[in-house]
Structures are given as structure tokens and as C-alpha cells.
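Engineer: build me a model:
(one chain, ligands or ions: 2)
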Amino acid sequence: MGSMTSYTLLSAAKINLYLEIIGHRPDGFHEMAMVMQSVNLCDRITLTNLPAAIRRLQCDHPQVPTDNSNLALKAVDLLTYKFPELANRGVDITIEKNIPVGAGLAGGSSNAAATLVGLNLLWKLGLTQIELEELSAQLGSDIPFCIRGGTAIATGRGEILDPISSLTDLYVVLAKYESLSVSTPWAYKTYRANFSDRYADISDNATLQERQKRVHAGPMVTAITHKDGAAIGSHLHNDLERVVLPAHDKVQQLRDYMASYGGLGTMMSGSGPTVFTLTSTQDAADEILHKVRAALPDPDLKLWSTCFTATGIRLESETKN
Ligand SMILES: C[C@](O)(CO)[C@H](O)COP(=O)(O)OP(=O)(O)OC[C@H]1O[C@@H](n2ccc(N)nc2=O)[C@H](O)[C@@H]1O
Ligand SMILES: Nc1ncnc2c1ncn2[C@@H]1O[C@H](COP(=O)(O)OP(=O)(O)OP(=O)(O)O)[C@@H](O)[C@H]1O
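Structural biologist: Residues are numbered from 1 along each chain as shown. Ligands and ions are numbered 1, 2, ... in the order given. Purely as a prediction, here's the structure:
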């Protein structure tokens with residue numbers, strides 16, 4: 001048998017510090033103005049070369065599909081479609097899930113990002129990070145950011161990334177009811193049905209200037225540039241809270257509790273239902289976690305205390321057998 005090579009990568013979750021829905025696009029998606037941030041809650045993905053053209057996946061989380069609908073396998077398919085000469089390559093993928101599923105933390109997207117970065121190494125494709133990011137946008141709007149990591153401004157569907165100084169010295173408490181998930185298409189559809197008066201339809205060729213006129217992210221971007229944690233906390237914004245919070249009283253209640261414990265700011269991430277609180281120290285994050293736990297002793301409520309990170313995908317180890 002030939003030699004087997006494995007790469008193990010860590011794929012980070014993201015939170016949205018700012019999420020504004022600018023308008024509806026002709027392709028059915030929404031035009032966005034977002035600020036994305038990687039947080040140090042990671043899945044572990046191991047990719048191992050297989051001698052035959054077999055692609056298989058296992059995951060320790062029962063809610064994650066292991067068939068071709070898994071975003072990691074979709075990433076393999078996308079690479080093979082793009083480079084037909086890869087059709088005879090095989091790979092075994094193992095996902096150790098730590099990021100909650102359907103949480104608004106881009107868990108599946110970050111797994112797809114890790115798969116693209118890992119296969120580029122395993123199959124020696126020589127693609128640049130920018131090429132990987134561009135390719136990944138075909139698979140999902142959040143994936144280019146998951147590859148880039150750190151702190152970034154995201155526009156278009158979320159796939160156009162502008163760099164901004166990366167934040168690292170901030171801490172975050174994440175809270176999610178395990179049994180509650182929110183579907184991203186549902187969140188956008190419901191927003192469109194109820195709040196489309198808040199935006200005007202935007203054509204594909206609208207200039208950047210036209211788009212920017214509708215954006216209110218300025219104060220958040222300034223706060224990040226100044227690395228001003230208090231200002232970042234006070235300018236958190238997420239339009240999707242308007243649809244998710246009224247639909248889930250428990251999440252609204254969780255948000256209210258978390259906001260009352262003196263962190264820098266509290267908000268729902270992405271399409272939810274994860275709620276996060278920012279703090280300036282690890283101790284403050286741990287303290288808030290314990291207060292939430294004491295106020296809401298429901299075993300279905302899962303809590304994490306973690307920090308901002310400048311890396312989206314990290315190579316943990318390489319093994320040759
Ligand atoms: C909510 C966020 O996580 C915030 O970062 C993202 O906007 C969602 O990103 P994602 O999960 O990668 O989304 P995709 O897989 O590209 O799209 C899922 C669905 O969300 C809706 N969608 C997504 C992105 C966008 N800009 N407009 C949309 O309307 C569409 O209904 C789409 O069918
Ligand atoms: N590798 C994967 N990990 C988790 N979920 C996956 C994966 N591949 C496909 N899925 C499917 O995608 C759905 C959404 O999962 P995910 O955890 O990525 O949601 P999310 O955090 O809300 O994503 P986003 O923030 O990007 O909208 C899951 O319910 C699951 O059926």
C-alpha cells in the first residue's frame with residue numbers, strides 16, 4: 001500500500017459584530033454590510049488520502065449529515081468539478097464537532113473552509129488563499145470569511161471581504177439552547193416578508209457608492225480601528241434580531257439576562273439563535289458565564305467562554321504513515 005498522509009486542521013466559528021441587510025438582490029440573496037469576527041471555538045477536521053476515488057465522512061455530532069449534503073463533502077465535489085483531473089483522488093474526512101449546529105456561528109461553513117485549505121495541502125494543488133476564497137464563494141456566502149479569519153468587513157452576499165485591523169484582545173461568552181436551531185433561509189425570508197420597506201431593491205450593477213449610502217456601519221468600523229472595546233460593544237447591530245427574537249421568547253429572555261451582567265455589549269450572532277456578550281478580560285467572561293448559568297439552570301442551555309482570534313483555519317498537525 002502507498003503512504004498515507006493526514007492533515008488535521010482547526011476551523012474557527014465566527015460571530016457577526018455588525019449585520020445590516022441593505023437590500024434584495026436579483027439573484028434572490030440579500031446585499032449585506034457586515035463585520036465578521038473569528039472566535040476561538042473550533043471544530044477539528046482530519047483529512048486522510050485514500051488510494052481509490054472514495055470520498056467518505058464521519059462526524060461525532062448526530063445532527064450533522066454525513067452524506068453529500070455535508071458542506072465538507074460539497075467542498076471536495078466543488079474542487080473535483082473545477083479540476084476534473086482530481087476525479088480519481090480519494091479522501092477520508094473526520095469532523096470533531098465543537099461548534100454548535102444551526103447556531104449562526106458558521107460551523108458548516110468553517111468545515112468547508114478547512115476542507116478546501118486542507119485538500120490544497122493534501123493534494124498539493126498550489127492554490128493561493130485568494131483563489132481558495134474565490135472558489136469557496138460558490139459554496140456559501142460565509143465561507144470566504146471562514147478561510148480568511150480574523151476581523152473583516154463583508155459586503156455583497158457576504159463574500160466580498162475588506163480587511164480591517166484584526167481584533168484579538170477581546171473575550172466572548174456564547175450561549176445557545178442546544179435543542180433550538182434557526183434556519184438561515186427562514187430568517188432572511190421572514191425579514192424580507194416583514195421589513196422589506198427598510199430597504200430598496202438593489203440592482204447587480206449598483207455602484208459601491210450607491211451601496212455605501214445605505215450602510216450605517218461607520219461607527220463600528222471606527223471603533224474597531226481604534227480597538228475601543230467599549231465602543232465596539234455599544235455599536236453591535238444585527239438586523240436579523242428583528243425576526244428571530246420575536247419568534248423565540250427564550251432567546252429574547254436569554255439576551256436580556258446576558259445584557260444585564262455588565263459586559264461590553266450583547267447581541268445575537270448571524271441568523272441565531274446563539275447570543276454573545278463581549279468582555280475585555282477572560283475573568284469577566286467567566287464571571288458572566290457563571291451568572292447566566294445560575295440565572296438559567298436549564299441543562300439545554302450550553303455556554304462557552306472564549307476569545308477573539310486572528311486565524312480562521314489553523315493547521316494543527318501533519319502525519320505521514
Ligand atoms: C447569516 C450569516 O451567517 C451572517 O454571516 C450569513 O449571511 C449566511 O451565510 P451562509 O450560511 O453562508 O449562507 P448561504 O449558504 O450562502 O445561503 C443560505 C441562504 O441564506 C439566504 N441568504 C444568505 C446570504 C445572503 N447574503 N442573503 C441571503 O438571502 C438565502 O436564502 C440562502 O439560500
Ligand atoms: N459540516 C457541517 N457542519 C454542520 N452542519 C452542516 C455541515 N454540513 C452541512 N450541515 C447542515 O447545515 C445546517 C446548518 O449548519 P451550520 O451549523 O453551519 O449553521 P449556522 O451556524 O447557522 O450557519 P451560518 O451561520 O453560516 O448560517 C445543519 O443543520 C446541517 O444540516
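Engineer: how far is stretch 136-145 from where the chain is centred?
Structural biologist: Relative to its chain's centre, stretch 136-145 lies at 10 Å (Cα atoms, centre = their mean, to the nearest Å).
Engineer: pull out the buried positions in it.
Structural biologist: Of the residues in stretch 136-145, 136, 137, 139, 140, 141, 142, 143, 144, 145 count as buried by neighbour count, 16 or more other Cβ atoms under 10 Å. Every C-beta, even on glycine, is put in place using the N, C-alpha and C of the backbone.
Engineer: say whether ligand 1 is contacted by that stretch.
Structural biologist: Yes - in terms of Cβ under 6 Å from any ligand atom, part of stretch 136-145 sits within range of ligand 1, namely 140, 141, 142.
Engineer: phi and psi next, for the first one.
Structural biologist: Same thing as residue 140. When read as degrees, to the nearest 10, the backbone of residue 140 gives phi 180, psi 150.
Engineer: helix, strand, or coil at residue 11?
Structural biologist: strand (DSSP: H, G, I helix; E, B strand; the rest coil).
Engineer: check contacts around it.
Structural biologist: Counting by Cβ atoms under 8 Å, 6 or more residues apart in numbering, residue 11 touches 42, 43, 44, 45, 99, 110, 111, 113, 114, 146, 312, 313.
Engineer: closest one of these to residue 272?
Structural biologist: Distance to residue 272, by Cβ to Cβ, is smallest for residue 99 among the contacts of residue 11, at 14.3 Å.
Engineer: OK, contacts around that closest one?
Structural biologist: 11, 13, 41, 42, 43, 105, 106, 107, 110.
Engineer: so which helix or strand of the chain has the lowest pLDDT on average?
Structural biologist: helix 208-213 (a mean of 61; mean pLDDT, DSSP states H and E).
Engineer: how many residues are close by residue 299?
Structural biologist: 6 (other Cβ atoms under 10 Å).
Engineer: do I have it right that residue 106 meets residue 142?
Structural biologist: Yes - assessed by Cβ atoms under 8 Å, residue 106 is found in contact with residue 142 at 4.4 Å.
Engineer: between those two, what contacts are shared?
Structural biologist: With Cβ under 8 Å, 6+ apart as the test, residue 106 and residue 142 both reach 14, 270.
Engineer: what does this structure put close to ligand 1?
Structural biologist: 16, 19, 29-30, 32, 34, 106, 109, 140-142, 157-158, 184-185, 188, 270-271.
Engineer: can you give me the helices for the stretch 101-250 of the chain?
Structural biologist: Taking DSSP state H, counting those that start in this stretch as the criterion, the stretch 101-250 of the chain contains helices spanning 107-122, 129-136, 143-148, 184-195, 208-213, 218-225, 229-234, 241-247, 249-259.
Engineer: grab the nearest non-local neighbour of residue 239.
Structural biologist: Nearest in space to residue 239, with sequence neighbours left out and distances taken as Cβ to Cβ, 6 or more residues apart in numbering, is residue 21 at 4.6 Å.
Engineer: dig out what that neighbour forms beta bridges with.
Structural biologist: When bridges are called by DSSP bridges, residue 21 pairs up with residue 32.
Engineer: thought it was touching residue 191?
Structural biologist: Yes - contact criterion Cβ under 8 Å: residue 21 and residue 191 qualify, at 6.2 Å.
Engineer: hey, what's in contact with both of those two?
Structural biologist: 30, 239, 240.
Engineer: can you give me the strands for this protein?
Structural biologist: 5-24, 30-50, 55-59, 90-96, 151-156, 160-163, 171-177, 237-238, 265-268, 275-279, 301-307, 313-320 (DSSP state E).
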